[in-house]
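Chemist: Coordinates only, no sequence provided:
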Ligand SMILES: O=C(O)CCC(=O)C(=O)O
Ligand SMILES: [Fe+2]
């Protein structure tokens, strides 16, 4: 589309319907929903992700395993300084592709139950080309900053996040606007929040407007260490402000196979795509 036309529609009432049209054109087509034959637990999980955008399983990993993985993350950050990114502004240390240097992190990346859920949710085989190991720490700079509301993708992004330390309201919990991944809400929330055309970043005022209409849609995922979150991050979400302590987590990024390639290294660093 011509740049001048794009600018005009960016903040117009057409922004939301045109965004939805473009997403559909790029393959955003709702949900396959073909999991009737699966066992009860799998169906319940997928139906919840389809309906709300997330599903939470407490104590997916034991306390001991979480301790081991926290130690492992500290060790791998130390040993892979050149491949690790650190952002003081958000107090975040990250290693994308941590499973390529760590057996125990690779176990999470390769978890067959999670892989099955991903495949069913995508309607085709959708592996996780990498796992993010992240340690979020409260510091002087980030103590009143959140990671900003956003959609990860305007196509489809499905993630499995496991908290490896206890996460209360104060430790930077994930927040999600329930149902914001639905096609009908991409339209309705786009209009309500006046979200600009094709914007994956969501301004704080937009999130406020959307939530003012229905405050019950705000889900703050608090949970003990070992809590697993299965989440469709096409919906609107953010990592909220960390006010105290450290938050350790692993995140599997599941993707359609045609999205996986050397290009991932440009976005996520040298370990993201192994070839
Ligand atoms: O780790 C979190 O709380 C969520 C961060 C995020 O935006 C994401 O993983 O897409
Ligand atoms: Fe995100």
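Modeler: Here it is on my side, so go on. None of the values given here were measured: they were computed from a predicted structure. Ligands and ions are numbered 1, 2, ... in the order given.
Chemist: In the one helix or strand residue 134 maps to, which residues are buried?
Modeler: Assigned by DSSP states H and E, residue 134 falls within strand 130-137. Judged by neighbour count using 16 or more other C-beta atoms under 10 Å, the buried positions of strand 130-137 are 130-137. For glycine as for every other residue, the C-beta is placed from the backbone atoms N, C-alpha and C.
Chemist: Cross-check the contact I'm expecting between residue 264 and residue 129.
Modeler: Yes. Counting by C-beta atoms under 8 Å, residue 129 is a contact partner of residue 264 at 6.1 Å.
Chemist: hang on, the earlier thing: which helices and strands does the strand holding residue 134 pack with?
Modeler: Under the contact criterion of 3 or more C-beta pairs under 8 Å, 6 or more residues apart in numbering; DSSP states H and E, strand 130-137 touches helix 63-79, strand 92-96, helix 103-109, strand 246-254, helix 263-268.
Chemist: who wins for proximity to residue 116 among those?
Modeler: Nearest to residue 116 among these is strand 246-254; the distance by C-beta to C-beta comes to 11.2 Å.
Chemist: and that closest one with strand 130-137, angle?
Modeler: 160 degrees (axes from the mean of the first three to the mean of the last three C-alpha atoms, to 10 degrees).
Chemist: just checking, what packs against strand 246-254?
Modeler: helix 63-79, helix 103-109, helix 112-122, strand 130-137, strand 158-163.
Chemist: nearest to ligand 2, of those?
Modeler: Set against ligand 2 and scored by C-beta to the ion, the helices and strands packed on strand 246-254 come closest in strand 158-163, at 7.8 Å.
Chemist: and the closest one, average pLDDT?
Modeler: Taken as a whole, strand 158-163 has a mean pLDDT of 98.
Chemist: interface residues of the chain facing ligand 1?
Modeler: Residues of the chain lying close to ligand 1 by C-beta under 6 Å from any ligand atom are 147, 152, 159, 161, 174, 233, 237, 239, 249, 251.
Chemist: Show me which pair in those is furthest apart.
Modeler: Maximum distance among those (C-beta to C-beta): 15.3 Å, for 152 and 249.
Chemist: Count the neighbours of residue 65 for me.
Modeler: 17 (other C-beta atoms under 10 Å).
Chemist: For it, which residues are in contact?
Modeler: Contact analysis of residue 65 by C-beta atoms under 8 Å, 6 or more residues apart in numbering lists residue 226.
Chemist: So for it, what pLDDT did the model give?
Modeler: On the pLDDT scale, residue 65 gets 98.
Chemist: what touches both of residue 264 and residue 129?
Modeler: Contacts common to residue 264 and residue 129, judged by C-beta under 8 Å, 6+ apart, are 272-273.
Chemist: What residue in the stretch 51-200 of the chain comes nearest to ligand 1?
Modeler: residue 174 (3.5 Å; C-beta to the nearest ligand atom).
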